[in-house]
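Visitor: Fold the following and give me the result.
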Amino acid sequence: MILSIPKPYPKQIEFFKAREKYVAYGGARGGGKSWAARIKAVLLALNNPGIQILLLRRTLNELRENHTTPLQKLLRTKQPDRIANYKDQEKVFEFENTSRIKLGYCDNENDVLQYQGQAYDVIFMEEATQFTEFQFQCLTESNRSSGLCLSPFRPRMYFTCNPGGVGHGWVKRLFIDKDYQGKERPEDYRFIQSLVYENEYLMENDPDYVRTLENLPEDRRKAMLYGDWDIFEGQYFGEFRRDIHVIEPFEIPETWDRYISFDYGLDMFAVLFHAVDTYGNDYVYKEIHESNLIISDAAKKLKEHEEYKNARYIYAPPDLWNRRNDTGKSAAEIFYENGVELTKCSADRVDGWYSVKEWIKPYTTRDEQTGEEIKTSNLKIFSNCINLIRCLPAVQHDDKNPNDVATEPHELTHITDALRYFCVSKVSRTIEQKPEPFFKVNFSFEEPRKKDYGERINVI
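Guide: Predicted structure coming up:
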């Protein structure tokens with residue numbers, strides 16, 4: 001029994017040898033990702049008797065075209081010298097050494113629940129950015145020792161991916177931004193970048209495909225050809241550029257106006273601190289991104305920051321003015337009772353997102369010192385605001401209303417909503433207006449008699 005495969009190129013060999021808990025491979029079109037995933041799964045099955053492997057794509061059609069048919073051919077399942085037997089109903093390849101490769105798909109969000117209670121030594125998520133973070137987290141629960149593998153083996157997961165898709169945010173956070181949370185350990189994660197230029201087979205046999213990628217519009221070319229994770233198909237804020245919008249922190253002059261904007265929910269209290277210079281440019285210089293805070297705790301958290309005292313206005317979403325059935329009070333009133341007075345923002349989402357686009361739109365100017373042309377924008381973000389930098393370029397167009405931002409993945413929307421509240425408020429106030437108070441009270445009673453008496457005495 002001989003398995004014959006083409007010679008892998010260096011990045012694929014690096015992927016084959018990787019043994020970290022979570023390994024992501026790819027980042028651009030034409031990097032040979034699907035082939036590498038199939039071969040890696042087969043090599044693991046042949047070298048580790050009894051190992052249980054799950055290989056996933058998002059849809060059944062993708063699974064069939066990218067893996068089922070190619071694996072049947074590779075493993076010669078219908079020939080006398082077959083390497084593995086394929087059971088079509090179960091979608092399982094069974095090897096003589098009792099190893100198994102199970103093929104699966106998660107077309108809908110909850111399809112992933114079918115794998116709960118199962119144990120797989122290895123899980124492959126092919127085109128991982130097409131999976132939601134919920135699906136990824138559910139699968140980590142099934143990535144444990146099966147008890148059937150006869151070799152010493154540490155359970156692990158492998159991912160292939162390109163920028164874009166519903167899972168862009170969580171893949172980028174873990175493997176590109178390396179922004180780890182909770183008990184996530186840096187040593188468990190590894191990203192192997194692969195570009196089309198490293199795919200010797202494709203470069204030699206299909207140069208037209210490479211030229212096609214090279215001829216794409218600039219933004220899409222950066223994502224598909226060079227694996228730029230700040231640019232991807234479906235991205236709402238295609239204007240965002242790290243080299244333009246992200247800057248290193250500096251000491252902010254006391255004369256600059258300060259503002260705060262936030263989005264509040266029990267799932268996330270997302271706050272942005274703004275400083276506006278004398279030219280009207282906004283600098284987002286600090287953020288709060290914390291969950292499970294009731295209103296009184298959120299107010300306390302906000303007041304812990306010295307800049308709170310100097311904020312001209314604190315912009316908040318209009319739904320905080322809705323009165324609650326249980327208390328008869330609105331969230332805005334509870335914030336006020338805890339020492340935080342809010343300013344209501346516009347409820348128009350599309351108008352708000354358009355305002356953000358205006359603020360971050362790059363334009364060309366000249367450097368005051370060198371005279372050279374440079375790209376800049378009216379909004380800059382300090383590099384310490386990691387959540388805004390991560391989420392702003394990751395949100396996508398809504399499928400039903402392309403003018404709006406998609407509300408999923410929901411985790412991305414909190415900090416971007418906070419930015420929207422600032423941008424729409426400042427754009428709508430080209431002439432500074434007195435902000436709407438946190439609540440209005442209409443007085444219908446007459447003025448006190450004492451005041452009337454005083455006025456009469458003065459007249460007499």
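Visitor: For residue 75, give its distance to residue 57.
Guide: 18 Å (C-beta to C-beta, to the nearest Å). Every C-beta, even on glycine, is put in place using the N, C-alpha and C of the backbone.
Visitor: hang on, I meant residue 417
Guide: 32 Å.
Visitor: likewise residue 40?
Guide: In terms of C-beta to C-beta, residue 40 sits 15 Å off from residue 57.
Visitor: Show me which of those two is the more surrounded one.
Guide: Between residue 40 and residue 57, residue 57 has the larger neighbour count (other C-beta atoms under 10 Å), namely 27 against 24.
Visitor: With the flanking residues excluded, which residue is spatially nearest to that one?
Guide: Using C-beta to C-beta, 6 or more residues apart in numbering and skipping residues adjacent in sequence, the residue nearest residue 57 is residue 63, 4.2 Å away.
Visitor: Model confidence score at that neighbour, please.
Guide: pLDDT, residue 63: 93.
Visitor: Next, it: secondary structure please.
Guide: Each residue gets one of three states, and residue 63 gets helix by DSSP: H, G, I helix; E, B strand; the rest coil.
Visitor: Report the separation between it and residue 103.
Guide: Residue 63 sits 6 Å away from residue 103, going by C-beta to C-beta.
Visitor: next one: residue 281
Guide: For residue 281, the distance to residue 103 - C-beta to C-beta - is 53 Å.
Visitor: go on, residue 122?
Guide: Residue 122 is 13 Å from residue 103, by C-beta to C-beta.
Visitor: now do residue 225
Guide: 30 Å.
Visitor: ok, back up a step: pull up the overlap in contacts between residue 63 and residue 103.
Guide: 56, 91 (C-beta atoms under 8 Å, 6 or more residues apart in numbering).
Visitor: Poorly predicted segments of the stretch 1-150 of the chain, please.
Guide: 1, 28-31 (pLDDT under 70).
Visitor: One more pass at 80, please.
Guide: 1-2, 27-31, 109 (pLDDT under 80).
Visitor: what about the strands in it?
Guide: 22-26, 52-57, 84-87, 92-95, 100-105, 122-125 (DSSP state E, counting those that start in this stretch).
Visitor: out of those strands, nearest to residue 198?
Guide: strand 22-26 (11.1 Å; C-beta to C-beta).
Visitor: Determine the set of other helices and strands touching that closest one.
Guide: In terms of contacts (3 or more C-beta pairs under 8 Å, 6 or more residues apart in numbering; DSSP states H and E), strand 22-26 is packed against helix 10-17, helix 33-47, strand 156-161, strand 189-193.
Visitor: Could you pull out the helices in the stretch 251-400 of the chain for me?
Guide: Assignment of helices within the stretch 251-400 of the chain using DSSP state H, counting those that start in this stretch yields the ranges 295-303, 331-337, 349-360, 386-391.
Visitor: Using CSV, list the CA coordinates for the second one.
Guide: Listed next in CSV are the C-alpha coordinates belonging to helix 331-337 (Å, rounded to 0.1, in the frame of the first residue of the first chain):
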residue,chain,number,x,y,z
ALA,A,331,-31.2,53.4,32.2
ALA,A,332,-30.4,57.0,31.6
GLU,A,333,-32.0,58.0,34.9
ILE,A,334,-30.1,55.3,36.8
PHE,A,335,-26.9,56.5,35.2
TYR,A,336,-27.8,60.0,36.4
GLU,A,337,-28.6,58.8,39.9
